[in-house]
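Colleague: sharing a model that was predicted from the sequence below.
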Amino acid sequence: MKVFKTDAMRVPVKSWAEDLDDKTLQQITNAAMIPAVFHHVALMPDAHMGYGVPIGAVVALKNAISPAQVGMDIACGVIAVQTYASDLCMETVKEIIGGIRQVIPVGFNHHKEMCDRELLPSIPWNSAVVEKQFDSARKQLGTLGGGNHFVEIQRGSDGYIWIMIHSGSRNIGYKVAKHYMKVTAKLNDQWFTSEGEVGGKWYPSRLTKNELAILPIGADEAGKYLTEMNWCLNFAKISRRRMMMRAAKVFADITGYGVNPDSGIDIHHNYVAIEHHFGQDVWVHRKGATLAWKSTKGIIPGSQGTKSYIVKGKGNPDSFCSCSHGAGRQMGRKQAKRELNLADEQAKMKDIVHSVRNQGDLDEAPGAYKDIGEVMKAQEDLVEIVVELTPLGVLKG
């Protein structure tokens, strides 16, 4: 872990990330300059440039929140469960992946019929977004989405086969994020002094330019955002579990093996929550970072074709009890499609049922991501590895 601070920064940055590019470095520096920032800013080893603050940033604010520092995919997270199977051949893995594709819509696909209203959390009172998007969400529940979201079949170092799913809150989470980021940027100049206290104005152009606008706790808009964000957290968790039930049924129908009901882990990595750190209650924003309280079970997936990990948190206060949410990108999507070699990337996954079939799929190839082994080594003071998972088959959007 490295610590750095400039005169312009209100607090230092504590970074577990190596070789930061200039844009990511500037973003985390900006985060350390904003009003209400508390104690220090943490940067996980999978960090890379995001919107406003880097993916992998952990930012604690005192009496304030920032929708942009949660990000666009509210409640993105990972669920994993251990099966009772101990081995699978490639043909069986192909059959399982094909079966899962039939019951879980991927990419922009939704279910044709709306799910029962009772499956979703109740619409919040005075909702700005959820009420309008509720019926649409009823078709999105239990759908995977695209990008880096996946369903993966893995062989564990514990001797068992695992199923892992990475997904978020779909379009409704995106709509909530966009709405409140716009509202926050518009209202930001009304509330903050140069010391970060509520009341008076605080140079709004600086915050808006860097997508770092913040809302004071107590403002109506802050309360509304927290309510709708938490709705998205519940939606995403229900959605992941619904997909896992369907994937587990396909797995059981094909292999004859069920899942261990006591093995499930479900943890999200894009959210804000009030927590107690360094003697104060503060609002901790994890944007592409996973909770790692002491003994908390977590999941750190690698890239497509590389290992993933079930971990146990060490409760390191310097990271605000956080760890990485994955391997982290080392190439942008367009750059990966332009520069990576298709044959080379496919060769890395020769024993895996994967989805890199043409040049357009290279944005999710292993070479687009950081080395997960190096990422795990960089955070040995944050987590302990419990199970190492080797991919057998991957379904992506």
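Modeller: The structure has been received and is ready for your questions.

Colleague: and the contacts of stretch 390-397?
Modeller: By C-beta atoms under 8 Å, 6 or more residues apart in numbering, the list of residues contacting stretch 390-397 from outside reads 88, 90, 93-94, 96-97, 100-101, 104, 106-108, 144-147, 149-157, 161, 302, 304-308, 349, 352-355, 364. (Each C-beta comes from the backbone N, C-alpha and C, glycine too.)

Colleague: in ChimeraX, how would I select just the buried ones from these?
Modeller: Here is the ChimeraX selection string for the buried members of these, based on 16 or more other C-beta atoms under 10 Å:
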select :88,93,96,97,100,104,106,144,145,147,149,150,151,152,153,154,155,156,161,302,304,305,306,307,308,349,352,353,354,355,364
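
Colleague: just the ones of the contacts of stretch 390-397 in helices?
Modeller: Of the positions in the contacts of stretch 390-397, 90, 93-94, 96-97, 100-101 sit in helices, assigned by DSSP state H.

Colleague: farthest pair within these?
Modeller: Maximum pairwise distance among the ones in helices among the contacts of stretch 390-397 (C-beta to C-beta): 16.4 Å, between Met90 and Arg101.

Colleague: what is the burial count for the closest residue to Phe134 other than its chain neighbours?
Modeller: Spatially, and ignoring its direct neighbours in sequence, Phe134 is nearest to Ile123 (5.6 Å; C-beta to C-beta, 6 or more residues apart in numbering). Neighbour count for Ile123, taken as other C-beta atoms under 10 Å: 16.

Colleague: mind listing what Ile28 touches?
Modeller: 13, 15, 20, 41, 43, 47, 53-54, 57.

Colleague: would you map the helices across the stretch 1-150 of the chain?
Modeller: 22-31, 90-103, 130-140 (DSSP state H, counting those that start in this stretch).

Colleague: out of those, which is closest to Phe320?
Modeller: When the helices of the stretch 1-150 of the chain are compared by C-beta to C-beta, helix 22-31 sits nearest Phe320, at 13.0 Å.

Colleague: where's Gly397 relative to Ile254, distance?
Modeller: 22 Å (C-beta to C-beta, to the nearest Å).

Colleague: and these two? Which one has more around it.
Modeller: Shown here are Gly397 and Ile254; by other C-beta under 10 Å, Gly397 has more neighbours (20 against 17).

Colleague: can you report phi and psi for the residue lying closest to that one once chain neighbours are set aside?
Modeller: Residue nearest to Gly397 in three dimensions, not counting chain neighbours: Gly146, with 3.3 Å by C-beta to C-beta, 6+ apart. Note on Gly146: backbone dihedrals following degrees, to the nearest 10 are phi -120, psi -150.

Colleague: got the contact list for Gly146?
Modeller: Counted by C-beta under 8 Å, 6+ apart, Gly146 has contacts 106-108, 396-397.

Colleague: any idea which of these is closest to Glu345?
Modeller: Nearest to Glu345 among the contacts of Gly146, with distances taken as C-beta to C-beta, is Lys396, at 13.6 Å.

Colleague: the closest one: neighbouring residues, count only.
Modeller: Neighbour count of Lys396, defined by other C-beta under 10 Å: 21.

Colleague: partner residues bridging it?
Modeller: Phe150 (DSSP bridges).

Colleague: can I get the contacts of Ile28 in JSON lines with distance to Thr296, neighbour count and pLDDT?
Modeller: Below are the contacts of Ile28 laid out as JSON lines (distance: C-beta to C-beta, whole Å; neighbours: other C-beta atoms under 10 Å; pLDDT from 0 to 100):
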{"residue": "Val13", "distance to Thr296": "24", "neighbour count": "22", "pLDDT": "97"}
{"residue": "Ser15", "distance to Thr296": "22", "neighbour count": "24", "pLDDT": "97"}
{"residue": "Leu20", "distance to Thr296": "27", "neighbour count": "19", "pLDDT": "90"}
{"residue": "Val41", "distance to Thr296": "21", "neighbour count": "29", "pLDDT": "98"}
{"residue": "Leu43", "distance to Thr296": "20", "neighbour count": "30", "pLDDT": "98"}
{"residue": "Ala47", "distance to Thr296": "21", "neighbour count": "31", "pLDDT": "96"}
{"residue": "Val53", "distance to Thr296": "23", "neighbour count": "31", "pLDDT": "92"}
{"residue": "Pro54", "distance to Thr296": "23", "neighbour count": "30", "pLDDT": "95"}
{"residue": "Ala57", "distance to Thr296": "20", "neighbour count": "28", "pLDDT": "97"}
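
Colleague: now distance to Lys294 too, for the residues you listed, in a markdown table please.
Modeller: Converted to a markdown table, the contacts of Ile28 look like this (distance: C-beta to C-beta, whole Å):
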| residue | distance to Lys294 |
| --- | --- |
| Val13 | 23 |
| Ser15 | 22 |
| Leu20 | 28 |
| Val41 | 22 |
| Leu43 | 21 |
| Ala47 | 23 |
| Val53 | 26 |
| Pro54 | 25 |
| Ala57 | 22 |
